[in-house]
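Peer 1: Sequence and predicted model, in that order:
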Amino acid sequence: MYEVDIIFFDLDGTLIDSRIDIVNAVNFTLRRNKLGEKGIDEISSYIGTGVGDLIKKSLGEKNGPLFEKSLSVFEGYYKDHAFDNTRLYEGVREILEHFGKKRKIVVTNKKYFFAHESLKRLKIDTYFEAVYGGDNVGCLKPSSCTLEKAMDIYKGDRTKCIMVGDMVVDVLAGKRARMMTCAVTYGIGKRNDIEKAGPDYIIDKISELKNIIE
């Protein structure tokens with residue numbers, strides 16, 4: 001068991017299953033550009049490093065000039081359809097309640113508006129002391145800068161902090177911030193990639209955090 005003061009959570013793939021709505025928004029954007037749709041697995045592999053990267057990879061290098069327009073189309077569509085299918089992963093509400101007295105902060109590469117709206121719409125926003133989106137600090141995971149800033153603001157002792165996420169970028173960000181890391185296997189990230197990143201813990205269900213954090 002690990003003594004923790006602050007639990008940092010990733011959002012997509014860790015707390016919420018938003019993959020279908022993101023894929024639908026990307027394919028809508030591709031259709032608007034008269035480009036062929038892509039499969040869920042391919043688009044999912046582009047999720048996690050920020051919306052700009054998602055759109056660039058989905059368009060492909062030869063369609064780079066369409067980027068600005070496509071970003072606007074994606075965000076307009078996603079704003080209206082972000083909750084058509086998005087839901088909490090099993091056990092998320094229960095684990096947040098279990099750690100009700102722990103300080104909890106969301107650190108995601110998703111833009112702040114969409115991150116905050118997701119937490120609010122799914123009625124878990126009150127569990128978190130703060131939310132940092134990919135456009136809050138000016139850097140994205142795997143950089144540790146957002147975690148560093150949050151620890152500075154909220155007076156977190158890095159030896160008593162843990163980063164929980166589903167992707168390599170989450171593990172790397174936590175490691176670079178010199179805090180403990182826990183990877184979940186049920187999200188978007190691939191287990192083999194996660195294992196290679198070397199998190200301190202790997203769990204198959206969010207409820208298993210009870211076995212790690214005091």
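Peer 2: Yes, it's here. It should be emphasised that the depicted structure is a prediction, and the values quoted were computed from it without experimental measurement.

Peer 1: what's the burial count for the residue lying closest to Asn27 once chain neighbours are set aside?
Peer 2: Using CB to CB, 6 or more residues apart in numbering and skipping residues adjacent in sequence, the residue nearest Asn27 is Glu37, 4.3 Å away. Glycine gets a C-beta too; all of them are placed from N, C-alpha and C. Number of residues near Glu37 (other CB atoms under 10 Å) recorded here: 15.

Peer 1: okay, Glu37: pLDDT?
Peer 2: Listed pLDDT for Glu37 reads 97.

Peer 1: any idea how far it is from Asp193?
Peer 2: Noted for Glu37: a distance of 25 Å to Asp193, by CB to CB, to the nearest Å.

Peer 1: now Ile206
Peer 2: Distance from Ile206 to Asp193, counting by CB to CB: 19 Å.

Peer 1: Then Gly64?
Peer 2: Taking CB to CB, one finds Gly64 at 26 Å from Asp193.

Peer 1: mind listing the helices for the protein?
Peer 2: Remark: helices assigned in the chain by DSSP state H are 19-32, 40-44, 51-59, 67-81, 92-98, 112-121, 145-153, 168-176, 191-197.

Peer 1: quick one: average pLDDT of the second one?
Peer 2: For helix 40-44, the per-residue pLDDT values average out at 97.

Peer 1: mind saving the C-alpha coords of it as PDB?
Peer 2: In PDB, the C-alpha atoms belonging to helix 40-44 read as follows (Å, rounded to 0.1, in the frame of the first residue of the first chain):
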ATOM      1  CA  ILE A  40     -12.100   2.600 -35.000                       C
ATOM      2  CA  ASP A  41      -8.700   0.900 -34.200                       C
ATOM      3  CA  GLU A  42      -6.700   3.200 -36.500                       C
ATOM      4  CA  ILE A  43      -8.300   6.400 -35.200                       C
ATOM      5  CA  SER A  44      -8.000   5.100 -31.600                       C
END
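
Peer 1: contacting residues around Glu61?
Peer 2: Taking CB atoms under 8 Å, 6 or more residues apart in numbering, we find Glu61 in contact with no residue.

Peer 1: Check what pLDDT it gets.
Peer 2: Glu61 carries a pLDDT value of 91.

Peer 1: Report the residue ranges of every domain in this structure.
Peer 2: Taking automatic domain parsing as the criterion, the chain consists of the domains 6-17+86-211, 19-81.

Peer 1: Could you identify which of those is most buried?
Peer 2: domain 6-17+86-211 (a mean of 19; mean count of other CB atoms under 10 Å).

Peer 1: Run the chain-centre distance for that domain.
Peer 2: How far domain 6-17+86-211 lies from its chain's middle: 7 Å, per CA atoms, centre = their mean, to the nearest Å.

Peer 1: ends of it, how far apart?
Peer 2: End-to-end distance for domain 6-17+86-211: 16 Å, by CA to CA, to the nearest Å.

Peer 1: same thing with stretch 140-155?
Peer 2: Start-to-end span of stretch 140-155 (CA to CA) is 21 Å.
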